[in-house]
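1. Sequence below, structure please.
(chains A, B, C and D)
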Protein chains: 2
Amino acid sequence: MVASAVHSDPFPAEQTAIVDLTAVAVAVTQNEPRVLMVPGGQGGAAASLDALPSGPLEHRHRTLETGLRSWVEARTGARLGYVEQLYTFGDRGRMRDTVAGNARVLSIGYLALVQEAGAPAAGGAAWCDWYRYFPWEDWRDGRPALLDWLERQLRRWAAAGPARVDRAARKERVIVAFGLDGLPWNEERVLERYELLYEVGLVAEAAGAGTSALGQPMGADHRRILATAIARLRGKIKYRPVVFELMPAGFTLLQLQRAVEALAGLRLHKQNFRRLVEQQGLVEETGRIVTATGGRPAREVRFREEVVLERLAPGLRLPIARAAD
Amino acid sequence: MVASAVHSDPFPAEQTAIVDLTAVAVAVTQNEPRVLMVPGGQGGAAASLDALPSGPLEHRHRTLETGLRSWVEARTGARLGYVEQLYTFGDRGRMRDTVAGNARVLSIGYLALVQEAGAPAAGGAAWCDWYRYFPWEDWRDGRPALLDWLERQLRRWAAAGPARVDRAARKERVIVAFGLDGLPWNEERVLERYELLYEVGLVAEAAGAGTSALGQPMGADHRRILATAIARLRGKIKYRPVVFELMPAGFTLLQLQRAVEALAGLRLHKQNFRRLVEQQGLVEETGRIVTATGGRPAREVRFREEVVLERLAPGLRLPIARAAD
DNA sequence: ATCTATTATGCTATAATTGAGCATAAGTGA
DNA sequence: TCACTTATGCTCAATTATAGCATAATAGAT
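-> Purely as a prediction, here's the structure:
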């Protein structure tokens, strides 16, 4: 039916690649967003850097996802809940500091949501606050102070573009990504910001990085993968009820709010947050009352499981607060 | 800094895979959404099926995206505009009908937006209306008639589940995916619907497919990849100004609306559509007047290029119309 | 016992956004 | 001139968001 004039070449020079599966396992504990990390960056040159858990795709696994699950679970003792494929990273040269050398290495990145409580890290893995790697992403206590310094650096870089057009384009990218000159901070632009910092040489992973690099570096391009995961998750919680994967069975609305805030790196308006959650029928009361809140006791609620299959609810929109809550 | 108790294994039993890049190149011409297809399904057993253009990842390409671009452009003569990675497909056994045999084949799927006008298909490729493969997805002229028959099949399948719980779960999936029992049709659930039909055996690609399979089949799992692309694009046009990649330099608001409708498979409310587009400052007048509209002449507009870098505008929300426009 | 701090929770006023449609303008072809 | 088609301006009501106010119910300090 498609005109078959020139027929397809027989599959030309097939190229093989090493494929590994990399997990960004996220949990929220004590109101902090945490990622599962393994030490020692896969035995490469820079062996002391943190790295994401990852392992080769094995032939016995029927699907990529089962491969990821079994590898990460065996390696770290974490039991993965919700799992979603993020992105496949395969630029040549992205493994500068590892053994892979000249071969093409593909990493398929996955986001996995875990309840840390049920998943004590094993095998040398550890749960680390993700803002350690992205300190500029946490606005829960207001604009992070280091953004003042950062802004100066970025503006200097923008002003140093070779031609007029470059300078204009650089400036636009900077002010949009970091919400300068009155533009709003958009919590989802995590990757855009990281790539800008990389390009400017303000993170240690970059080739010409200066001495005052920002945030804890990670092995290979794992910080880029983590940025991708954070961006995706920050977007997703707004339209799919995925936060619940990170919560214990019963929780209070404030705990839920704190979890969302931890992920988004923002403070939310409390009354409106509760209204949204309740209006959408995402939770139901367990009947229990939690008194350990420090104030008036709170009703304990649980996620309405029906929602997932039943109506695939719209998730959580974020009523962003100007000031505090 | 991560507790370094057990140190990482040296990269264990590396596994290689054949990697190919598959493009879903989309254009909108004469108000129809079209995909670039090549004939002959890569020379496999079922050699007569349509297939998406795809080719091996070659080592000379620094990035995956350049690999994809150069391959597809060389093969089909299309010049790709916006390109975005969709998903990596890698389940074993997904290439039932091709040569790959037992080897692991990874396909990295990409969505590419093209202006068909500037890209006449070459090398045996052809632009095909995508609703040929998904006739149930086009609601522009109201609910497609074949959904009546389809609904009966789906309900029968749901009622035939082994246990009570399965039947309930199946029914839920069916009514949510296809908007039955008063639930709204959600144009983004393209993949969910396709996978359901696959599971039920209502598409020819499925193992136990009956004789009355729906829509034109495609080689390998390309129809699944196409479904993924449609779903992604339908979602994306709502929050990023990507439709403009498919439009010529100058166009009328109705042409734009028709393009969006073609992609979404829905009719939109005309006045509200214009209000959204203009309010958001996505377009500007060229000053020209188009008289070939069949009615009152329309102002010609063009996309405001500044928007892309400048403010990364929120895109287009879809004011869905109940009836016609 | 009362006061203070803290959190929970109900409710309201106002502003934006959306959905649906009316009305009129300006062309084409019979 | 009439019938038809598309373009475009505008309105009105319904819905949803934003920002607070006010009150309730605890714990711990005085």
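
2. Run the contact check for stretch A:67-77 versus chain B.
-> No - between stretch A:67-77 and chain B, judged by CB under 8 Å from any CB of the partner chain, nothing touches; the nearest distance is 8.6 Å. For glycine as for every other residue, the C-beta is placed from the backbone atoms N, C-alpha and C.

3. in that stretch, what counts as buried?
-> A:Gly67, A:Leu68, A:Arg69, A:Ser70, A:Trp71, A:Val72, A:Glu73, A:Arg75, A:Thr76 (16 or more other CB atoms under 10 Å in any protein chain shown).

4. pretty sure A:Leu233 is in contact with A:Leu263, am I right?
-> Yes - counting by CB atoms under 8 Å, A:Leu233 does reach A:Leu263; the two are 5.9 Å apart.

5. rewinding a little: need the buried residues of stretch A:67-77 in a markdown table with pLDDT and distance to DNA strand D, can you?
-> Below are the buried residues of stretch A:67-77 laid out as a markdown table (pLDDT from 0 to 100; distance: CB to the nearest atom of the strand, whole Å):
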| residue | pLDDT | distance to DNA strand D |
| --- | --- | --- |
| A:Gly67 | 90 | 38 |
| A:Leu68 | 92 | 34 |
| A:Arg69 | 90 | 35 |
| A:Ser70 | 88 | 40 |
| A:Trp71 | 85 | 39 |
| A:Val72 | 84 | 36 |
| A:Glu73 | 84 | 37 |
| A:Arg75 | 77 | 41 |
| A:Thr76 | 76 | 37 |
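
6. Can you flag which of those belong to strands?
-> With DSSP state E as the criterion, strands contain none of the buried residues of stretch A:67-77.

7. Closest to A:Ala23 out of those residues?
-> A:Val72 (4.7 Å; CB to CB).

8. From DNA strand C, how far off is the closest one?
-> 33 Å (CB to the nearest atom of the strand, to the nearest Å).

9. contacting residues for that residue?
-> Neighbour list for A:Val72: A:Ala23, A:Ala25, A:Leu36, A:Pro53, A:Gly55, A:Ala78, A:Leu80, A:Ala112 [criterion: CB atoms under 8 Å, 6 or more residues apart in numbering or on different chains].

10. Against B:His59, how distant is it?
-> According to CB to CB, to the nearest Å, A:Val72 and B:His59 sit 29 Å apart.

11. can you check A:Tyr133 too?
-> 31 Å.

12. now do A:Ala264
-> 40 Å.

13. joint contacts of A:Leu233 and A:Leu263?
-> With CB under 8 Å, 6+ apart, A:Leu233 and A:Leu263 have common neighbours A:Val26.

14. if we can go back for a sec, A:Ala264 and B:His59 - which one has more neighbours?
-> A:Ala264 (26 against 14; other CB atoms under 10 Å in any protein chain shown).

15. mind checking the SS state of the residue of the stretch 151-300 of chain A found nearest chain B?
-> Here the stretch 151-300 of chain A gets closest to chain B at one residue, A:Glu172, 4.7 Å apart by CB to the nearest CB. Following DSSP: H, G, I helix; E, B strand; the rest coil, A:Glu172 is assigned to helix.

16. What of A:Leu226?
-> A:Leu226 - assigned by three-state DSSP - is helix.

17. Quick check: bridge partners of the spatially closest residue to it that is not a sequence neighbour?
-> Once flanking residues are discounted, A:Leu226 sits nearest to A:Val24: 5.7 Å by CB to CB, 6 or more residues apart in numbering or on different chains. Going by DSSP bridges, A:Val24 is paired in beta bridges with A:Leu111.

18. correct me, but A:Val24 touches A:Leu113?
-> No - under the criterion of CB under 8 Å, A:Val24 makes no contact with A:Leu113, lying 9.7 Å away.

19. For those two, work out which one has more neighbours and name it.
-> Between A:Val24 and A:Leu113, counted using other CB under 10 Å, the more crowded position is A:Val24 (26 against 22).

20. Please list all residues in contact with A:Leu180.
-> So A:Leu180 contacts A:Glu151, A:Val174 (CB under 8 Å, 6+ apart).

21. The residue in the stretch 101-250 of chain A that chain B sits nearest to and A:Glu285: what is the separation?
-> Going by CB to the nearest CB, chain B is nearest to A:Gly124 of the stretch 101-250 of chain A, at 4.0 Å. From A:Gly124 across to A:Glu285, the span is 41 Å (CB to CB).

22. ok, the two, which is more surrounded?
-> Neighbour tally, A:Gly124 and A:Glu285, criterion other CB under 10 Å: the higher count belongs to A:Gly124, 18 against 11.

23. phi, psi of that one?
-> phi 80, psi 0 (degrees, to the nearest 10).

24. Is it in contact with A:Pro39, as I believe?
-> Yes - A:Gly124 is within contact range of A:Pro39, at 5.7 Å (criterion: CB under 8 Å).

25. What is the burial count for the closest residue to A:Phe303 other than its chain neighbours?
-> In this structure, A:Phe303 finds its nearest non-sequential neighbour in A:Phe244, 4.1 Å apart by CB to CB, 6+ apart. Residues contacting A:Phe244 under the criterion other CB under 10 Å number 25.

26. for the one 4 residues further on, same thing?
-> Neighbours of A:Pro248 under the rule other CB under 10 Å: 12.

27. Check A:Gly210 too.
-> 12.

28. One more: A:Gln279?
-> Count around A:Gln279 with other CB under 10 Å applied: 8.

29. and if you look at A:Gly294?
-> 7.

30. Distance check, it against DNA strand C.
-> 4 Å.

31. go on, A:Glu245?
-> Distance from A:Glu245 to DNA strand C, by CB to the nearest atom of the strand: 21 Å.

32. for A:Arg275, same thing?
-> 6 Å.

33. where do the strands sit along the stretch 201-325 of chain A?
-> With DSSP state E, counting those that start in this stretch, the ranges of strands along the stretch 201-325 of chain A come out as A:283-290, A:298-303.

34. So which residues make contact with the shortest one?
-> By that I understand strand A:298-303. In contact with strand A:298-303 (CB under 8 Å, 6+ apart) are residues A:241, A:244, A:247, A:249-254, A:256, A:282-290.

35. So, low pLDDT: which residues of the stretch 201-325 of chain A?
-> Where the stretch 201-325 of chain A drops to pLDDT under 70, the residues are A:293, A:307-325.

36. tally of neighbours for the residue lying closest to A:Ser212 once chain neighbours are set aside?
-> Nearest-residue entry for A:Ser212: A:Leu202, 7.9 Å, with adjacent residues in sequence omitted and distances by CB to CB, 6+ apart. A:Leu202 sits with 22 neighbouring residues when counted by other CB under 10 Å.

37. Contact partners for A:Leu202?
-> A:Leu150, A:Gln153, A:Ala209, A:Gly210, A:Ser212, A:Ala213, A:Leu214.

38. Residue numbers of chain A in contact with DNA strand C?
-> A:252-254, A:270-271, A:274-275, A:293-299 (CB under 7 Å from any atom of the strand).

39. Apply 10 Å and report the result again.
-> A:251-258, A:269-275, A:278, A:285, A:289-301, A:325 (CB under 10 Å from any atom of the strand).

40. and those residues, which are buried?
-> Applying 16+ other CB under 10 Å to the residues of chain A next to DNA strand C flags A:251-258, A:269, A:273-274, A:290, A:298, A:300-301 as buried.

41. Let me know the closest of those to B:Ile237.
-> Nearest to B:Ile237 among these, with distances taken as CB to CB, is A:Phe273, at 28.9 Å.

42. Now for the residue nearest to the closest one when sequence neighbours are not counted: which residues touch it?
-> Spatially, and ignoring its direct neighbours in sequence, A:Phe273 is nearest to A:Gln257 (5.0 Å; CB to CB, 6+ apart). By CB under 8 Å, 6+ apart, the contact list for A:Gln257 reads A:Leu268, A:Lys270, A:Phe273, A:Arg274, A:Asp325.
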